[in-house]
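I'll drop the sequence and a predicted model, then ask my questions.
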Amino acid sequence: MKLQALFPFLSWFKLISKESLKADIFAGLTGAVIVLPQGVAFATIAGMPPEYGLYTAMITPIIAALFGSSFHLISGPTTAISIVVFSAISQYATPGSPEFISLALTLTFLAGVYQLAFGLARLGVLVNFVSHTVVIGFTAGAAVLIATSQLKHITGIPIKSGSEFLHTWAALIHGIGQLNIYLLIIAAVTLAVSVAVKKFMRKAPNLLVGLIVGSVLAVYLSTFAEGIKFVGEIPAQLPPLSMPDLSLATIKSLAAQAFAVALLGLIEAVSISRAVATKSGQRINANQEFIGQGMSNLVGSFFSSYAGSGSFTRSGINYEAGAKTPLSAVFAAVALAGIILLIAPLAKYLPIAAMGGVILLVAYNLIDFHHIKHVLEFSKSESAILMTTFFATLFLELEFAIYLGVLLSLVLFLAKTSIPEIPALSIDASDENNRKFVTLDQKPLRECPQLKIIRIDRSVYFGSITRIQNRIAEISDKEGIHNILIIATGINMIDLAGAEALAAEHSRLKKLNGGLYFVDMKPAVYETAAKSGFIKKIGSGNFFDEKSKAITAIHKNLDPHKCGGCKALVFRECQQLPAGAELSKAVFTRPKQQDSSGRGLTPDVGMILPHPLAGQA
């Protein structure tokens, strides 16, 4: 087991068979053809030379597959990560320059360190607190930025590299007279062919076919048209060794941006792996996925690969192609390397305008119109998060947009949990043999004028305790009820702040001849509460395992004068009470035995005190 923890790929090696190998090889070949044009396009978005996108598509998926947990996740260059890399590095160096490449590799290294540290610290659960709406909003904003960045390549209008969103559009409008119609035609034809192939020939690599057609058209037009530029020849070689700039000054300057890249990459990878796992039936280990992504970026930075993450398109195709094990990702990388060695020289015929057309299609497919419409129609709070993240992505620094989206997710989560549902309940006596507690929202029932029964449906912690205290005060001050029974089935946790606040409320009610009582508290919650001293402050006699025992015990503490004239008669004990009952003696209960945490289990005679309802319950 320890060996498998260090080398998780050993756990699925035993699943390899002749049938799985055939399926994985076929899926790998399919993935290699798909990623070929994508790798070049994503590198262009990131401001890197085209071959670096292909290097990333060779190294990253192998390491992520060996050290991750998903059988179908394919990692590599992605649009969202690429545009964050461009945004983070372009402020320090010219895109495509050796300085830019060096800083991008350092950014990748630091992102890998963050991700690996998160995985080793078992922080995979943190991804659950990032709303999917944030990812949708950020991705939609990134898609608009990606499309905007390519307009200069498909129009020929000169725009300063690294210009902001509004400045780019202003330059486009101002320079419309310099439009190169031939570039626009090449991009439009490439885009149209890609869409048509996708619609009518679904199994064909539509982007690759579109690029081939666009390249042929560009070569023809270049014989008499000016301004048509080509990518240039890509080196026909495997990823060369590289060395990130690990100087202290560089690390300080890129630490914040690397954290944003790491966070976005983890969100992408875990979300995609879980989405595919819902179809395959596999269970994903988020912590192991963090480790896999961290290792892939860490190792990749020494093999000329920039930051990558999980790809939804390639992962989905990998699953649909019948992949059985993570070996499909390894085969895809090996096949891509073979293809590059054979056809790399042909890249000199690849027009930049055609690449722009492909990237426009990629950007369009990034926008999840269905979910955006659903969010805008059904949730105001989620809509606010969506629009804030979207516009922050367009007009602010991308890494800040990610932080802002994550912060809004946490705020929304805390806001929801800080306002717990606290319904009032009473006994439904319509069926005498099956008397149940029912919320008053479901059915209007009579309530006891001296005992309020409520249920807290969320955890009692520093964020929710104000709402709970206000509800208790409302019952005590406005309704004049000082005995409150809390059904604790929905309480999953009571923190120190919550325990202290509830103890203070109990003390206040006790001075008014009342108190707080708890029933059906979960054993784990009770044990934690006992360790914090909460049970001792309230008193173990105020905690019950059964509702009937709780009602019987609390009923003995009620005012007999009010009970004598009461017409509600909610409890069985009320029906046994003679009108105008006189003061007598009552049997108070205290725990006969206690469990390890001090919880009373069995009531027994404890002490004799004057009480109005002795022998009547």
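That came in fine, so what should we check first? This is a predicted model, so every value here is computed, not measured. Residues are numbered from 1 along each chain as shown.

show me what the lengthiest helix in the chain is packed up against.
Ranked by number of residues, the top helix in the chain under DSSP state H is helix 248-280. Using 3 or more Cβ pairs under 8 Å, 6 or more residues apart in numbering; DSSP states H and E, the elements in contact with helix 248-280 are helix 79-89, helix 98-120, helix 132-155, helix 286-300, strand 309-310, helix 312-320, helix 398-417. Heads up, the C-betas are built off the backbone N, CA and C, glycines and all.

just send the ones you listed back as JSON lines, with mean neighbour count too.
Putting those into JSON lines (neighbours: other Cβ atoms under 10 Å) gives the following:
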{"stretch": "helix 79-89", "mean neighbour count": "26"}
{"stretch": "helix 98-120", "mean neighbour count": "22"}
{"stretch": "helix 132-155", "mean neighbour count": "23"}
{"stretch": "helix 286-300", "mean neighbour count": "26"}
{"stretch": "strand 309-310", "mean neighbour count": "32"}
{"stretch": "helix 312-320", "mean neighbour count": "21"}
{"stretch": "helix 398-417", "mean neighbour count": "18"}
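
how does this structure divide up, domain by domain?
Here the domain assignment for the chain is 20-151+160-169+229-351+367-415, 424-611, based on automatic domain parsing.

what mean pLDDT does the longest one have?
Looking back up the chat, that one is domain 20-151+160-169+229-351+367-415. Average pLDDT, domain 20-151+160-169+229-351+367-415: 88.

and the angle from the strand or helix carrying Ala363 to helix 312-320?
Here Ala363, judged by DSSP states H and E, is contained in helix 352-366. Orientation note: helix 352-366 sits at an angle of 70 degrees relative to helix 312-320 (axes from the mean of the first three to the mean of the last three Cα atoms, to 10 degrees).

elements contacting the helix or strand just after helix 352-366?
Next along the chain after helix 352-366, taking DSSP H and E as the criterion, comes helix 369-378. Counting contacts by 3+ Cβ pairs under 8 Å, 6+ apart, helix 369-378 is packed against helix 132-155, helix 380-395.

which other helices and strands contact the longest one?
To tie it back to what came earlier, the one meant is helix 132-155. helix 79-89, helix 165-174, helix 181-200, helix 248-280, helix 352-366, helix 369-378, helix 380-395, helix 398-417.

okay, angle between the fifth one and helix 132-155 too, please.
Pointing back at helix 352-366 there. Going by the same axes, to 10 degrees, helix 352-366 makes 160 degrees with helix 132-155.

can you report how many residues neighbour the closest residue to Lys324 other than its chain neighbours?
Of all residues not flanking Lys324 in the chain, Ser20 sits nearest, at 3.8 Å (Cβ to Cβ, 6 or more residues apart in numbering). Neighbourhood size, Ser20 [other Cβ atoms under 10 Å]: 17.

where's Ser20, which helix or strand?
helix 18-46.

next SSE downstream of that helix?
helix 50-67.

list the buried residues of that next one.
For helix 50-67, the neighbour count (16 or more other Cβ atoms under 10 Å) marks 50-67 as buried.

output the contacting helices and strands for it.
So helix 50-67, by 3+ Cβ pairs under 8 Å, 6+ apart, packs with helix 18-46, strand 75-76, helix 286-300, helix 327-343.

quick one: that helix to chain centroid distance?
24 Å (Cα atoms, centre = their mean, to the nearest Å).

for stretch 125-134, same thing?
For stretch 125-134, the distance to the chain centre is 2 Å (Cα atoms, centre = their mean).

what sits up against it?
Residues outside stretch 125-134 that contact it (Cβ atoms under 8 Å, 6 or more residues apart in numbering) are 118, 266-267, 270-271, 286, 371, 375, 382, 385-386, 389, 405-406, 408-410, 412-413.

same check on stretch 397-414?
With contacts defined as Cβ under 8 Å, 6+ apart, stretch 397-414 is touched by 83-84, 87-88, 129-131, 133-135, 137-138, 141-142, 145, 256-257, 259-261, 263-264, 381-382, 384-385, 388-389, 392-393, 396, 463.

can you check stretch 422-432 too?
By Cβ under 8 Å, 6+ apart, stretch 422-432 touches 435-441, 443, 445-448, 452-457, 467-468, 471, 487, 570-571.

name the residues of that stretch that are buried.
422-427, 429.

try stretch 557-574
557-558, 560, 563, 566, 570-574.

between those, which is nearest Ile339?
Val570 (77.9 Å; Cβ to Cβ).

next one, pLDDT for that closest one please.
81.

name the nearest residue to it, sequence neighbours excluded.
In space, Val570 is closest to Cys448, 4.7 Å off (Cβ to Cβ, 6+ apart).

try Val299
Ile63 (5.0 Å).

related to what we said a few turns ago, got the angle for the longest helix of the chain vs helix 98-120?
Using the same axes, to 10 degrees: helix 248-280 against helix 98-120 is 60 degrees.

quick one: helix 248-280 to helix 50-67, angle?
Going by the same axes, to 10 degrees, helix 248-280 makes 60 degrees with helix 50-67.
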